[in-house]
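Trainee: A predicted structure for the sequence below; I have some questions about it.
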Protein chains: 2
Amino acid sequence: MFKKLVSIEEAKKILEKSLTLKPVGVEEVPLQQVFGRILAEDVEAEIDVPHFHRATVDGYAVKAEDTFRADEENPIKLKVSGRVLAGDKPTAIIKNGCAIEVATGAALPRGANAVVMVEYTSRENDSILVYKPVSLWENVMKIGSDIKKEEKVLRKGQVVSSREIGVLAALGKTRIKVYKKPKVAVLSTGAEVVEPGKPLEEGKIYDINTYTLSAAVREAYGEPVNMGIVVDKAEEIRNTLARALNIADIVITSGGVSVGPTDVVPKVLSSLGKPGVIVCGVASKPGKPTTIAIIDGKPVFSLPGHPTSSLLMFYIFARPVIAAMAGATLKEPVFVKAKTTEKVFSARGRRTFIMVKLTRDRSGKLLASPILPGVSGAITTLMKAEGFIEIKENQQFINSGEEVIVQLLDFNSSPLMERSR
Amino acid sequence: MFKKLVSIEEAKKILEKSLTLKPVGVEEVPLQQVFGRILAEDVEAEIDVPHFHRATVDGYAVKAEDTFRADEENPIKLKVSGRVLAGDKPTAIIKNGCAIEVATGAALPRGANAVVMVEYTSRENDSILVYKPVSLWENVMKIGSDIKKEEKVLRKGQVVSSREIGVLAALGKTRIKVYKKPKVAVLSTGAEVVEPGKPLEEGKIYDINTYTLSAAVREAYGEPVNMGIVVDKAEEIRNTLARALNIADIVITSGGVSVGPTDVVPKVLSSLGKPGVIVCGVASKPGKPTTIAIIDGKPVFSLPGHPTSSLLMFYIFARPVIAAMAGATLKEPVFVKAKTTEKVFSARGRRTFIMVKLTRDRSGKLLASPILPGVSGAITTLMKAEGFIEIKENQQFINSGEEVIVQLLDFNSSPLMERSR
């Protein structure tokens, strides 16, 4: 059962081979609820936008040719034969020598091919004087000039933000096909773990991982399902895992995977379905006890109990899987170069991750200050860290002042970009 | 009523003077719902974390002094007088010459001050041999070493992400004081505007702004309230605005503010309460008809009808106000330097905003390609743009190849950061 540790890359390869990653499904949502969701199909325009020639200024719709010889000294007189407001269906047809009053946003009457701005006209009863020529289609937004009918305007896999939602509205879409969010069951194991709010006896700690991992699931476009805390008893863990596999697409456990006397998750996992455990221990610090199983096509990530370790392993292994099953393309992680402020050592033979804080020296160069381990379980380590550095398996240490690549933890922020102005 | 246009800076100053910006209120939410919310109070630890000395490895709790002379040749023999698992309340007290078996995460028994890793021991019935000394508190996470009781761990105004939520859970917090989201009524005006899904007759366009502005309100930590579409009739606009001011903290309208014959919003606004309209037209392109009112302490932003213009004016004027009333500190906008690919002209005397796409040239330098106006109403302009550049009021143009500062539109992304590796 307890095979030798595999490297992070090997573990990823095994996972890739054992699992066909595809979105869990598609559902239709109304326009009002599409914000933040991921499109499950390309969106094609079924109408032209605008779907009529549209005046972009207040003024007079004309035949441009009628104005070509106008100037301030020799205005051209046109007969005003009607008026179209925004929203009106134009019925009149413009004849030569005529103009029709239009408001911004109004549909151009048949026969017109330009709009003279009201500022370049003067009104005299039923006529206007035009003091400036307009060119063909001046001050007009032509049919389909924004979006052409049948144009592909949004692509499958795009996240709908305020900008994409405008395009969907412009096309009049009311129901939109988006990917279903994969359901991710999250459970914490351990006899020492207590739900926040309950009294805390000596020897007990509050459950942290259910909350951090559920939030991280949301950040990866999944829908967390809280399965609560399960004590380290084979029977109870077995029942809860079976229930989790029944209702969710992915299961994440934390705790209960060390080599201690009561660590039963890996054993239980292999009894639940095929192929069972595919990775049992990773050559990584932290994260060594990380166990990955596939149970009848559903991935189970069994992560360490320490909050920082479990969240780091979540980022490395579970996050890309959840996102793929959500149809999401994850932003690439963001890396910055920095100089270390301290010598840091690796765990021999294991990929070592060191959390760091970032600051700038006087010349503006980035400095990475290791948040030293020793308290790898510390929840505050994670809170203080802005990113992490990696020490390769065959490397013993990184010297103080050495240049390193720091991977930022906050996938959305860009705290270090140029803010010059 | 129609005073002279004011500059963007003047408009902001008038707004600041007329409005005392403060959060709209505080509410308590359960831990499960705190993700993404903004803390309304500093969070102080009411307990030590951990709140007992905690073993960080599987092994034997000992008095460190008993092991000082141990080495591989001369192991030290200790009597095993008990066992503590994670979650157990330790009852035994360690005496000199004794050890108590402990699991990772277990509470240290009274009298112990270090843990010997199981790997450096061998068991013989009721005794162990220790082959390596441990120093004081080795393999122990001491009481309060992660978070000290009474330590201030989170600050008022912080957004709760997966990292902050872990700290709240670690402290056992179940109800957390967060700022209420300001309610922002969003309404579109215009006889030409039709709800998506309805048939689209000639002269009509689908309502875009309700959806883009509602999404932008969410991005600014507000709660949008959809008031629907109101035709440009004084009576109906008056009633809807009165209702909006009654249920919301902020009101945003779009459309109906040009100088056209049916633009009634500014007039109605001034009749609704004091001081009424405070800004009526901004020297900006796009955005000129932007109108701002304060009605009995509540701000009303009356934005242009064109989707790109209204969203840009929203970003400039409404977003900071909504965020302040939500208790949120907005991320600073992100600026990047780029060279223009085309000469662009300003609207004389007005601050001119030009939307741009960003690419890189062969040497990796950023290029800003203007998405040319003419179709300023185009919804696709906004979709294609990654940022915008500004031309000052007294500047006539920006030359092709000139270096400009581009403000990125997507407040969360960092598409241009170093991604080296």
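Mentor: Noted; the coordinates are in hand. Numbers count the residues shown, from 1 in each chain, chains lettered A, B, ... in the order given.

Trainee: contacting residues for the residue nearest to A:I93 when sequence neighbours are not counted?
Mentor: With sequence-adjacent residues excluded and distances taken as CB to CB, 6 or more residues apart in numbering or on different chains, A:I93 is closest to A:R110, at 4.5 Å. For glycine as for every other residue, the C-beta is placed from the backbone atoms N, C-alpha and C. Listed by CB atoms under 8 Å, 6 or more residues apart in numbering or on different chains, the contact set of A:R110 reads A:90, A:92-94.

Trainee: again, 7 Å this time
Mentor: Residues near A:R110 by CB atoms under 7 Å, 6 or more residues apart in numbering or on different chains: A:90, A:93-94.

Trainee: again, but for A:S127
Mentor: A:S127 makes contacts with A:77-80, as judged by CB under 7 Å, 6+ apart.

Trainee: From B:A215, how far off is it?
Mentor: 47 Å (CB to CB, to the nearest Å).

Trainee: go on, A:S7?
Mentor: Here A:S7 is placed at a distance of 43 Å from B:A215 (CB to CB).

Trainee: Between these two, which has more neighbouring residues?
Mentor: B:A215 (24 against 16; other CB atoms under 10 Å in any protein chain shown).

Trainee: Does that one touch A:V34 like I think?
Mentor: No - the criterion here is CB atoms under 7 Å, and B:A215 misses it with A:V34 at 9.2 Å.

Trainee: okay, and the common contacts of those two?
Mentor: Counting by CB under 7 Å, 6+ apart, the contacts common to B:A215 and A:V34 are A:I165.

Trainee: List the contacts of the closest residue in space to A:K392 that isn't next to it in sequence.
Mentor: The shortest distance from A:K392 to any non-neighbouring residue, by CB to CB, 6+ apart, is to A:R351 (6.7 Å). A:R351 makes contact with A:7-8, A:283-284, A:390, A:392-393, according to CB under 7 Å, 6+ apart.

Trainee: gap between the closest residue to A:A378 other than its chain neighbours and B:N96?
Mentor: Residue nearest to A:A378 in three dimensions, not counting chain neighbours: B:D146, with 4.3 Å by CB to CB, 6+ apart. In this view, B:D146 and B:N96 are 30 Å apart by CB to CB.

Trainee: now the helix or strand where A:R163 lies: how far from the chain's centre is it?
Mentor: Per DSSP states H and E, A:R163 falls inside helix A:162-170. Relative to the centre of its chain, helix A:162-170 is centred 17 Å away, using CA atoms, centre = their mean, to the nearest Å.

Trainee: can you list the residues that contact that helix?
Mentor: A:31, A:34-35, A:43, A:49, A:147, A:153-154, A:158, A:176, B:196, B:206-208, B:211-212, B:215-216, B:219, B:307, B:379, B:382-383.

Trainee: And the helices in the stretch 251-400 of chain A, which stretches?
Mentor: With helices called from DSSP state H, counting those that start in this stretch, the stretch 251-400 of chain A shows them at A:265-272, A:307-313, A:319-325, A:379-384.

Trainee: Now do stretch A:251-265, average pLDDT.
Mentor: Averaging pLDDT along stretch A:251-265 yields 71.

Trainee: In the stretch 1-150 of chain A, what residue comes closest to chain B?
Mentor: A:G87 (3.3 Å; CB to the nearest CB).
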